[in-house]
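In: Here is a sequence together with a model predicted from it:
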Amino acid sequence: MSETSENDLYFQEFSRYFHYILTNNGFKKVDEPSQADFRIMLSYGVSDGRTGIYSHSWPIYETIGGYSYTITETSTDANGKQVTIKKKIHVPAQTYRVGTELETRSYTVYSHAAKLIAYNASETTETTSQSIPIWSISLQNINESNDLRTTIPYLAAAASDYIGKNSGRQLSLKIDMDSSIVKELKNLMPATGSPE
């Protein structure tokens, strides 16, 4: 993840989501750095694709039988008279495995990441590399799209309950596509003027 300009259209779009999340957690953006208690840095990025092969196999079965047929037998009784007898023969159904179907497909996945790091504004240096973070949130999602714009709202939504908190461990979160926080974040974007 590399640094980017605040004038970059993607940064303006992505930072809008995190400003919203931070505001919901009691943070307020100030006009002058001297007014700030914290300096919060946002970085984001998407990896090069990683390609793999997916294989799935399942058995093929065939059912034989499960029907009836009639036969006719002719015999002579004790009086020498010919007697015709019809018999119904039932062939029970039996299932046999006759083969295996194999499906193989290739796939490419991308790792989407975003990170928020908060520093004490009074102790932050020019490069922040020597500053000590107060808290940080690292977010990651892996899917088959290389479009970071489709994922950033979900990364921001995942961060919403953990701003300034210590989760104590790495967490795996599931964010529903129709969750209220995702809808709120997506509604932040204007219908026009966003990067194409």
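Out: Okay, I see it. Keep in mind that what you see is a predicted model, and the values were worked out from it rather than measured. Numbers count the residues shown, from 1 in each chain.
In: secondary structure class for the residue in the chain sticking out farthest from the centre?
Out: Relative to the mean C-alpha coordinate of the chain, counting by Cα atoms, centre = their mean, the farthest residue is residue 79 (84.0 Å). For residue 79, the assignment made with DSSP: H, G, I helix; E, B strand; the rest coil gives coil.
In: Make 4 the starting number, not 1.
Out: Understood, numbering begins at 4; the last thing we discussed is residue 82.
In: Which phi and psi values does it adopt?
Out: Note on residue 82: its backbone torsions stand at phi -90, psi 0 [degrees, to the nearest 10].
In: Can you point out the buried residues in the lengthiest helix in the chain?
Out: In the chain, with assignment by DSSP state H, the single longest helix is helix 12-27. Buried positions in helix 12-27, judged by neighbour count with 16 or more other Cβ atoms under 10 Å: 14, 16-25. For the C-beta atoms, the positions are set from N, CA and C on the backbone; glycine is no exception.
In: which residues does the spatially most central residue of the chain contact?
Out: Residue closest to the average C-alpha location in the chain (Cα atoms, centre = their mean): residue 146, at 5.8 Å. The neighbours of residue 146, taking Cβ atoms under 8 Å, 6 or more residues apart in numbering as the test, are 112-113, 115, 154.
In: Try it again at 7 Å.
Out: Under the criterion of Cβ atoms under 7 Å, 6 or more residues apart in numbering, the contact partners of residue 146 comprise 112-113, 154.
In: follow-up on the earlier one: any idea of the mean pLDDT in the longest helix of the chain?
Out: Mean pLDDT, taken over the full extent of helix 12-27, equals 91.
In: cool, stretch 103-121 as well?
Out: Mean predicted confidence for stretch 103-121 is 93.
In: What are the buried residues along the biggest strand by length in the chain?
Out: Using DSSP state E, we find that the single longest strand of the chain is strand 97-123. When neighbours are counted by 16+ other Cβ under 10 Å, the buried residues of strand 97-123 are found to be 113-122.
In: Return the list of strands paired to the following helix or strand past it, each annotated with direction.
Out: Past strand 97-123, further along toward the C-terminus, the next helix or strand under DSSP states H and E is strand 136-146. The sheet places strand 136-146 alongside strand 97-123 (antiparallel), with pairing taken from DSSP bridges.
In: per-residue pLDDT, residue 7?
Out: As summarised for this prediction, residue 7 has a pLDDT of 62.
In: which element is residue 65 on?
Out: Element membership for residue 65 (DSSP H and E) is strand 53-67.
In: And residue 155, by the same measure?
Out: helix 151-162.
In: Give me the mean pLDDT for that helix.
Out: 92.
In: how far out from the middle of the chain is that helix?
Out: When C-alpha coordinates are averaged (Cα atoms, centre = their mean, to the nearest Å), helix 151-162 and its chain have centres 11 Å apart.
In: and if you look at stretch 87-105?
Out: Between the centre of stretch 87-105 and the centre of its chain there are 45 Å (Cα atoms, centre = their mean).
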